[in-house]
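**Student:** Give the three-dimensional model of this entry:
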Amino acid sequence: MNFASEYVLSKNKTLSDTKETNVFQPDTNVISVTFDHLVDSNNTHAGEAILCSKCRAVLSTHSKITDLENDSKKQWICEFCNFENKIFVHKDEIPNQEEITYLLESNHQTLPTSPSSDSTYTVYCIDISGSMSISSLVNADLNLPTDQKRIERFRNVAGQDYNPRLSSRQRHITRLEAVQIAIDDNLNVLEKNSPAKKIGIVTFNQMVSVIGDGKINQLNIEGDSLESKNEIKTLAEQTPDLDCLSNCKNILKKKLLDLEEGGATALGPALYYSVMLASKKSGSQVILCTDGLANKGIGSLDNQNQDEIDKFYNDISELALSNGVSVSIITIEGTSCKLGLLGEISSKTGGLVNVVNPMHLKEQFSSILEDQIIATNVLAELILTKELYIKDHENFDNCQSKIEKQIGNVTRETELTFEFGVRNDLKMKIKQLPFQLKIFYNNLTGGKFLRVLTQTKQLTDNQNLAEESCNRAILAVNAIQTQGRLLQKNPKSSVLNKYSEYVEKVRTKKNDFFSPDTYLSRQAELSKTMMSNHSLLQLDTENSYRRLNDQDASKLYNLQKINSKNFSSKKD
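**Tutor:** Residues are numbered from 1 along each chain as shown. You can find the predicted model right below:
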């Protein structure tokens with residue numbers, strides 16, 4: 001839990017004044033939450049958390065406990081709601097640190113101690129429809145892993161004596177070849193760094209083909225089965241457990257390079273099966289690579305019933321979330337895949353969304369593999385003292401002192417922000433204000449934990465003082481993430497020019513390693529996207545976001561995943 005400023009800034013501005021413009025006034029009262037610390041369970045507190053009977057805050061190192069006369073219980077007046085709790089507590093049960101982890105439920109399994117012991121699934125869901133045969137001219141001298149297969153095809157047509165020269169300064173590479181090259185490279189890296197990982201390949205055109213680890217008998221889903229979630233689910237549940245990569249890399253690579261293009265695009269059934277397969281192990285991921293619209297089987301965008309389509313893809317999101325699976329989606333430049341709709345799956349499950357040039361697929365696949373899930377079913381709850389309130393941009397009347405955010409899957413790069421304000425009746429004689437963040441989560445073996453972080457901050461009504469100690473990267477993340485969320489849920493309320501201007505004008509005496517140029521570039525990108533889609537977004541419906549073109553949808557989804565590191569000029 002990181003604060004944008006060392007101080008809580010009290011302003012002489014009423015809530016009603018703020019709400020007249022339907023936009024909260026920006027200031028330094030922003031909290032950033034990252035989750036990389038969830039992988040560290042060394043500071044697990046023995047016993048159960050002691051909760052306030054009224055607001056459910058957790059007893060912390062900042063709590064004041066007094067003895068009660070003629071009573072074996074002690075009194076704890078909650079620092080957040082002032083409720084008088086009578087509790088049984090031994091001094092060893094009182095936290096002595098600001099950050100404490102409680103074990104809520106154990107499953108007696110051991111977490112992987114290193115990447116090499118990671119046995120999660122990575123399922124590549126690959127489009128091999130006819131459009132994947134479209135080629136691009138590449139200006140490079142390349143020898144590709146697909147060359148031998150291409151030579152064999154030439155010889156089948158021109159005779160066995162034909163010997164084409166494929167390595168040259170200019171050559172054409174199909175979209176499928178670009179995917180094959182990228183995954184082939186991925187497998188080499190994974191074998192070295194994560195040999196215990198289980199890799200599955202699922203392809204789709206007019207049918208879905210389950211290659212799995214290359215050792216199982218290939219399974220084809222076709223015909224009426226493409227329309228049945230129950231049949232696909234049953235087939236996924238009956239699929240044998242995949243072998244680890246170190247035992248099947250060679251046969252898997254051979255079957256990968258044997259893939260050929262042709263046919264329609266049964267994306268929906270393939271994606272549903274892939275998520276079902278990956279759901280066998282929490283922390284797994286699905287990587288979907290496609291260049292076209294789903295037009296075959298369940299989830300087909302040719303379906304005239306938009307409600308059915310929305311429900312199908314939302315069900316996939318919920319399935320992935322409930323099983324700790326992330327879904328990343330890569331589409332090809334110059335194509336249309338309805339990324340505004342499909343991208344919601346990645347946004348909800350913690351995956352990445354991108355539109356890339358075919359020759360940059362290798363780098364994109366690598367970045368996805370680096371963004372591994374570290375915790376699932378994550379819920380964050382922020383508790384403030386009654387003198388403060390949460391700024392809720394989606395509901396301006398909801399000025400409560402407590403808020404919950406259901407997050408789902410998180411990686412080491414995940415960051416979210418909270419804004420808070422000071423109520424008008426706060427007395428400046430209060431010098432310190434408490435804050436508590438509760439994070440409920442599952443680790444990758446299914447153990448359930450509660451992480452509690454409690455801090456106090458000094459109050460000031462001096463805006464210059466608050467800004468002088470400011471971390472501008474946190475303000476920047478909050479401004480851009482908030483705009484991205486509002487664009488998706490309530491486009492008409494997403495005009496946050498004041499937030500952008502405030503980040504630019506704040507001057508700090510602290511060396512916060514903030515990169516103004518990076519921020520201005522990101523903000524300009526967001527503004528350009530909003531301007532070019534102004535009429536569409538102003539329809540003020542969730543569906544308007546889904547109608548964005550793939551390039552713009554990708555930009556907006558990715559802006560919601562931005563973090564403080566993106567604005568740092570500090571070199572690692």
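
**Student:** Contacts for stretch 230-249, please.
**Tutor:** The contact list for stretch 230-249 (CB atoms under 8 Å, 6 or more residues apart in numbering) reads 119, 121, 187, 190-191, 194-200, 208, 210, 212-216, 219, 221, 225-226, 252, 269, 272-273, 276-277, 280, 298. Using the backbone N, CA and C atoms, a C-beta is placed for each residue, glycine as well.

**Student:** Please spell out which residues along that stretch are buried.
**Tutor:** Within stretch 230-249, the residues that count as buried by 16 or more other CB atoms under 10 Å are Ile232, Leu235, Ala236, Thr239, Leu242, Asp243, Cys244, Leu245, Cys248, Lys249.

**Student:** ok, of the contacts of stretch 230-249, which come out buried?
**Tutor:** Buried subset of the contacts of stretch 230-249 (neighbour count, 16+ other CB under 10 Å): 119, 121, 187, 190-191, 194-200, 208, 210, 212-214, 216, 219, 221, 225-226, 252, 269, 272-273, 276-277, 280, 298.

**Student:** thinking again about what came up before, among the contacts of stretch 230-249, which ones are in strands?
**Tutor:** Tyr121, Lys198, Ile199, Gly200, Val208, Val210, Gly212, Leu219, Ile221 (DSSP state E).

**Student:** Phe365: which of the residues you listed is nearest?
**Tutor:** Nearest to Phe365, judged by CB to CB, of the ones in strands among the contacts of stretch 230-249 is Ile199 at 12.2 Å.

**Student:** The closest one against Asp118, yeah?
**Tutor:** No: when contacts are counted by CB atoms under 8 Å, Ile199 is not listed as touching Asp118 (11.6 Å).

**Student:** Pick out the residue nearest the middle of the chain.
**Tutor:** Closest to where the C-alpha atoms of the chain average out (CA atoms, centre = their mean) is Gly350, at 2.2 Å.

**Student:** Could I get the phi/psi values of that one?
**Tutor:** phi 90, psi 10 (degrees, to the nearest 10).

**Student:** residue contacts, it?
**Tutor:** Applying CB under 8 Å, 6+ apart to Gly350 gives the contacts Ser326, Ile373, Gly408, Asn409, Val410, Thr411, Thr414.

**Student:** just these now: which is nearest Ile65?
**Tutor:** The closest of the contacts of Gly350 to Ile65 turns out to be Val410 (CB to CB; 33.2 Å).

**Student:** I'd assumed the closest one was in a helix, is it?
**Tutor:** No: using DSSP: H, G, I helix; E, B strand; the rest coil, the assignment for Val410 is strand, not a helix.

**Student:** ok, now how distant is it from Leu271?
**Tutor:** Distance, Val410 to Leu271, by CB to CB, to the nearest Å: 22 Å.

**Student:** who's more crowded, these two?
**Tutor:** More crowded of Val410 and Leu271, by other CB atoms under 10 Å: Leu271, with 29 against 25.

**Student:** thought that one was touching Thr290?
**Tutor:** No: between Leu271 and Thr290 there is no contact under CB under 8 Å: 9.0 Å.

**Student:** Any stretches of the protein with poor pLDDT?
**Tutor:** Residues of the chain meeting the criterion pLDDT under 70: 12-23, 41-43, 46, 108-117, 139-170, 425-428, 488-496, 531-545, 570-572.

**Student:** rewinding a little: could I get the contacts of Gly350 in CSV, plus columns for distance to Leu104?
**Tutor:** As requested, those are exported to CSV (distance: CB to CB, whole Å):
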residue, distance to Leu104
Ser326, 23
Ile373, 19
Gly408, 18
Asn409, 18
Val410, 17
Thr411, 22
Thr414, 21
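
**Student:** could I get stretch 442-456 in CSV with only the CA atoms?
**Tutor:** Taking C-alpha atoms only, stretch 442-456 is exported to CSV below (Å, rounded to 0.1, in the frame of the first residue of the first chain):
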residue,chain,number,x,y,z
ASN,A,442,-5.7,-17.9,-3.0
ASN,A,443,-2.2,-19.0,-3.7
LEU,A,444,-1.5,-21.3,-6.7
THR,A,445,-2.0,-24.5,-4.6
GLY,A,446,-5.5,-23.3,-3.4
GLY,A,447,-4.5,-22.1,0.0
LYS,A,448,-6.6,-19.2,1.2
PHE,A,449,-5.0,-16.2,2.9
LEU,A,450,-5.7,-12.7,4.2
ARG,A,451,-3.0,-10.1,4.0
VAL,A,452,-3.6,-7.0,6.2
LEU,A,453,-1.7,-3.7,5.7
THR,A,454,-2.3,-0.9,8.2
GLN,A,455,-0.6,2.5,8.1
THR,A,456,-1.2,6.0,9.5
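
**Student:** Can you mark which positions in that stretch are buried?
**Tutor:** Neighbour-count burial for stretch 442-456, counted by 16+ other CB under 10 Å, picks out Asn442, Asn443, Leu444, Gly447, Phe449, Leu450, Arg451, Val452, Leu453, Thr454, Gln455.

**Student:** for these, which one is nearest Asn395?
**Tutor:** Each of the buried residues of stretch 442-456 was checked against Asn395 using CB to CB; the closest is Leu453, at 25.2 Å.

**Student:** Strand partners (parallel or antiparallel) of the one helix or strand the closest one maps to?
**Tutor:** Here Leu453, judged by DSSP states H and E, is contained in strand 448-460. Neighbouring strands of strand 448-460 in its sheet, by DSSP bridges, are strand 7-9 (parallel), strand 99-105 (antiparallel), strand 432-442 (antiparallel).

**Student:** Quickly note the distance from Ser401 to Pro95.
**Tutor:** Distance from Ser401 to Pro95, counting by CB to CB: 22 Å.

**Student:** Same question for Ser527.
**Tutor:** Distance, Ser527 to Pro95, using CB to CB: 45 Å.

**Student:** So the two - more neighbours on which side?
**Tutor:** Between Ser527 and Pro95, Pro95 has the larger neighbour count (other CB under 10 Å), namely 20 against 13.
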